[in-house]
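In: generate coordinates for the sequence data below:
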Amino acid sequence: MLRHLPNLLSGFRLLAAPLAAWAILAEHDTAALVIFAGAGFSDLADGYVARRWGFTSQAGAWLDPLADKLLMLLCFLALLKVGAAPFWLVALVIVRDLVIGAGALLAKMLDLPLRIAPLMIGKATTAVLVGYVGIVLLLLALELEAPRLVTAGNYTVAVFAALSAATYLYSFLRALLSGRRTA
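Out: Have a look, this model is predicted:
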C-alpha cells in the first residue's frame, strides 16, 4: 500500500482540482483555499515519498504532472470566471502549458533526442503559479483587497510563464533542428 502512496496522493489532486474550482465558483473562498492548500501539500508529499523511498512508477510519471496541470488550469479558469484573475494572464498560463504539451508530444512522435524532464524554470514557474493562486484565494477568503500585491503577482506570473514557455520552446526547436533520432 505504501508503495502506491505517491499515486494515491496524485489521485487526490485529480479529485481536488474540480472541487477547488467549484468552491471558487460557488464563492466558498475558505473551502477553496483549504482544498487548494491540501492539494499543494499532497504534491509536495507525493514527490518526497516517491524520491525518498524510490516509489516511482510510469503511472506516477504521468499522473503527477497531469494532476498539477488540471489543478492549476481549473483554478485559473475559476478565478477568471469570478473576476479574480485577468483574461490575459489566464490565457498566457494556458498557452504556456499548450506549448510545453505540444512540444513534448511532437518530440515523442518524431522520436527526437529530447529528454522530457522538468527544467528549473518550469519548477520555479509552478511555484510562482501555486503561490499566486494561494495568495488570491487567501485574499478572497479574508475579504481583503490588495490591488498592488495582485498586480505584482500578475506580472510575476506573466514573466515566469513567458520565460518558461520560451525555454521549453527553445529546447524543442533545438531537438527538432538537430535532425537526430533517439532510437
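In: what mean pLDDT does the longest helix seen in the chain have?
Out: Determined from DSSP state H, the single longest helix within the chain is helix 147-178. Averaging pLDDT along helix 147-178 gives 91.
In: check contacts around Ala158.
Out: Trp88, Leu89, Leu92 (Cβ atoms under 8 Å, 6 or more residues apart in numbering). Any C-beta I mention is one placed from the backbone N, CA and C, and that applies to glycine too.
In: mind checking how far it is from Ser164?
Out: Note on Ala158: its distance to Ser164, by Cβ to Cβ, to the nearest Å, is 11 Å.
In: got the buried residues for the longest helix of the chain?
Out: By 16 or more other Cβ atoms under 10 Å, the buried positions in helix 147-178 come out as 150, 153-154, 157-158, 160-161, 164-165, 167-168, 171-172, 175.
In: possible to save these as a markdown table with distance to Gly38?
Out: Listed next are these as a markdown table, based on distance: Cβ to Cβ, whole Å:
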| residue | distance to Gly38 |
| --- | --- |
| Val150 | 23 |
| Gly153 | 21 |
| Asn154 | 25 |
| Val157 | 22 |
| Ala158 | 27 |
| Phe160 | 24 |
| Ala161 | 24 |
| Ser164 | 25 |
| Ala165 | 28 |
| Thr167 | 30 |
| Tyr168 | 29 |
| Ser171 | 33 |
| Phe172 | 34 |
| Ala175 | 37 |
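In: now, of the contacts of Ala158, which are buried?
Out: Neighbour-count burial (16+ other Cβ under 10 Å) is assigned, among those, to Leu89, Leu92.
In: from the contacts of Ala158, pick the one nearest Gly38.
Out: Nearest to Gly38 out of the contacts of Ala158 is Leu89 (Cβ to Cβ; 24.2 Å).
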